[in-house]
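**Student:** sequence first, predicted model second:
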Amino acid sequence: DAKTTQPNSMESNEEEPVHLPCNHSTISGTDYIHWYRQLPSQGPEYVIHGLTSNVNNRMASLAIAEDRKSSTLILHRATLRDAAVYYCILREALNLQGAQKLVFGQGTRLTINP
Amino acid sequence: DTEVTQTPKHLVMGMTNKKSLKCEQHMGHRAMYWYKQKAKKPPELMFVYSYEKLSINESVPSRFSPECPNSSLLNLHLHALQPEDSALYLCASSQSVNEKLFFGSGTQLSVL
């Protein structure tokens, strides 16, 4: 299984940008980079994913290094509700029928200070 | 409807009991998953179903038996569990390759 490395924890202040790094030096050409987050007492929630180009959505931005060995999840203006464990995951395509293997790494616990 | 519904939310069972966890989605997704999560650890993949067929079994002990009776429903049958099997069991579904997973809130299982 492809592996990712993330800091165990990070802290930021409310209304400031947050940059969450992820290293994935063994990534293969077909692996997608996915980010999920898990709020307390909830199941994981999809945040964003990408392959080669930077991606933006209403929740966050994903910046992918040119060599794809690392990526950064950017929360543009953190709120208290963004406090969660953030997982960077390399998704390996299983088959064309839609099954995929998402193997979670250890994740980064993000604390937001008021 | 963008929800994955898991029942029950909490379950306490003895080591000789037989119980089942249920997961339901009505998003038309054709892939469904079971994950196990111990406290303060990341979710671990257990099983993947694709078009109601078992596609992945991550070497899960036979005391866990998955079943996908139709495209909307996923069950996990439990029998003769051990106390170390106590964990949060998460169900998820996805539409297709490259699509995001939708997770339920999980069933918190305690084995006594």
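**Tutor:** Thanks, I have it. What you are looking at is a predicted structure, and each value in this text was computed from that prediction instead of being measured.
**Student:** what's the burial count for B:Asn76?
**Tutor:** Just to correct that, residue B:76 is Leu rather than Asn. By the other Cβ atoms under 10 Å in any protein chain shown criterion, the neighbourhood of B:Leu76 contains 23 residues. Using the backbone N, CA and C atoms, a C-beta is placed for each residue, glycine as well.
**Student:** the helix or strand bottoming out on mean pLDDT in chain A pairs with which strands, and in what direction?
**Tutor:** Least confident helix or strand, chain A: strand A:100-102 with a mean of 79, by mean pLDDT, DSSP states H and E. Strand A:100-102 has the following strand partners under DSSP bridges: strand A:84-93 (antiparallel).
**Student:** so what touches the strand it pairs with?
**Tutor:** A:1-4, A:6, A:20, A:22, A:24, A:27, A:30-40, A:44, A:47, A:49, A:71, A:73, A:100-105, A:107-110, B:42, B:97-98 (Cβ atoms under 8 Å, 6 or more residues apart in numbering or on different chains).
**Student:** now it - C-alpha only, CSV.
**Tutor:** Output of strand A:84-93 as CSV, limited to C-alpha atoms (Å, rounded to 0.1, in the frame of the first residue of the first chain):
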residue,chain,number,x,y,z
ALA,A,84,-10.4,17.8,13.1
VAL,A,85,-8.0,15.1,12.1
TYR,A,86,-7.0,15.5,8.5
TYR,A,87,-5.9,12.5,6.5
CYS,A,88,-3.8,12.6,3.4
ILE,A,89,-4.5,9.4,1.4
LEU,A,90,-3.1,7.9,-1.8
ARG,A,91,-6.0,6.2,-3.6
GLU,A,92,-5.1,3.2,-5.6
ALA,A,93,-7.6,2.3,-8.4
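**Student:** now that strand: buried residues?
**Tutor:** Using 16 or more other Cβ atoms under 10 Å in any protein chain shown as the test for burial, strand A:84-93 gives A:Ala84, A:Val85, A:Tyr86, A:Tyr87, A:Cys88, A:Ile89, A:Leu90, A:Arg91.
**Student:** and that strand, average pLDDT?
**Tutor:** The average pLDDT within strand A:84-93 is 90.
**Student:** and the residue nearest the centre of chain B, what does it touch?
**Tutor:** For chain B, the residue nearest the mean C-alpha position is B:Trp34 (3.3 Å; Cα atoms, centre = their mean). Contacts here follow Cβ under 8 Å, 6+ apart; on that basis B:Trp34 touches B:Cys23, B:Leu45, B:Met46, B:Phe47, B:Pro66, B:Leu74, B:Leu76, B:Tyr89, B:Leu90, B:Cys91.
**Student:** 10 Å instead?
**Tutor:** Listed by Cβ atoms under 10 Å, 6 or more residues apart in numbering or on different chains, the contact set of B:Trp34 reads B:21, B:23, B:43-49, B:56-58, B:60, B:64, B:66, B:74-76, B:89-92.
**Student:** same question, B:Ala80
**Tutor:** So B:Ala80 contacts B:Gly14, B:Met15, B:Thr16, B:Asn17, B:Lys18, B:Pro61, B:Ser62, B:Arg63, B:Val111 (Cβ under 10 Å, 6+ apart).
**Student:** can you redo those as JSON lines with pLDDT?
**Tutor:** As requested, these are exported to JSON lines (pLDDT from 0 to 100):
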{"residue": "B:Gly14", "pLDDT": "92"}
{"residue": "B:Met15", "pLDDT": "91"}
{"residue": "B:Thr16", "pLDDT": "90"}
{"residue": "B:Asn17", "pLDDT": "90"}
{"residue": "B:Lys18", "pLDDT": "95"}
{"residue": "B:Pro61", "pLDDT": "96"}
{"residue": "B:Ser62", "pLDDT": "96"}
{"residue": "B:Arg63", "pLDDT": "96"}
{"residue": "B:Val111", "pLDDT": "96"}
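**Student:** okay then, goodbye and thanks.
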